[in-house]
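Asker: mind looking at a prediction? Sequence and model below.
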Amino acid sequence: MKIKHSTFTSLFFFAGILLMQNAAYSQVTGLVPVKTITSLDVQRYMGTWYEIAKFPNWFQRKCVSNTKAVYSPKVDGNLQVLNSCKTASGEISLAEGSARQMGSKDSPKLEVRFAPEWLSFLPLVWGDYWIIDLDSQYQVAAVSDPKRNYLWILSRAPQLDPKVYDDLLVRLQQQQFDTRKLEKTTQQN
């Protein structure tokens, strides 16, 4: 019993350290904290989102085109996430995960997990998924994390009007995102 207690205590201690690191991050970097949208209607967010652009990252390195995510409700109140993309060999790569809202029912802060369900108790398998920009029609979104390590521009349609894209870039630059790092995603039929 004592071993379980110390393991449990260690996990909370480690989670606390991670939270303190996130809080101190803005002070160290001199960046303003990332701002999310005010509220999110999860039901309206469900469905298919096409990736328009992203910051390059290690877990999407094999994706060359047609990247999209489909969000659907799960019985437990969380969301099922099904990501897919086309690889250089022409195969479709799939990644199935789960997402959960953090805080209130209209919170724009979510966490996503693509690790197996049995690991879901570990804080490290969950990644921040903060919706930082979303139009009123739920057609165009920007998603990031509190440290600005990741950034995705998403759209309900495979192509995005250049003016809408450029206007979004301005808003992202106002949040101190280096939009020069964005890599546009090819969406083909």
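Answerer: Cool, got the structure.
Asker: helix or strand: which one has the spatially most central residue of the chain?
Answerer: When Cα atoms, centre = their mean is applied to the chain, the residue found nearest the centroid is Tyr129 (3.2 Å). According to DSSP states H and E, Tyr129 maps onto strand 126-134.
Asker: ok, residues contacting that strand?
Answerer: Contact with strand 126-134 is made by 34-37, 40, 45, 99-100, 108-113, 120, 140-146, 150, 168, 171-172, 175, as judged by Cβ atoms under 8 Å, 6 or more residues apart in numbering. Every C-beta, even on glycine, is put in place using the N, C-alpha and C of the backbone.
Asker: next secondary structure after that strand?
Answerer: Proceeding N to C from strand 126-134, the next assigned helix or strand is strand 140-144, under DSSP H and E.
Asker: out of the contacts of strand 126-134, which are buried?
Answerer: Burial by neighbour count, judged by 16 or more other Cβ atoms under 10 Å, picks out 34, 36-37, 40, 45, 99-100, 108-113, 140-145, 150, 168, 172, 175 from the contacts of strand 126-134.
Asker: how many neighbours does Ile131 have?
Answerer: 19 (other Cβ atoms under 10 Å).
Asker: residue contacts, Leu182?
Answerer: Leu182 neighbours (Cβ under 8 Å, 6+ apart): 53-55, 151, 153, 169.
Asker: of these, which belong to strands?
Answerer: Per DSSP state E, strands hold the following members of those: 53-54, 151, 153.
Asker: now rank those by neighbours and give me the top one.
Answerer: Neighbour counts for the ones in strands among the contacts of Leu182 (other Cβ under 10 Å) peak at Ile153, which has 26 neighbours.
Asker: beta partners for that residue?
Answerer: Beta-bridge pairing for Ile153 (DSSP bridges): Ala53, Ala142.
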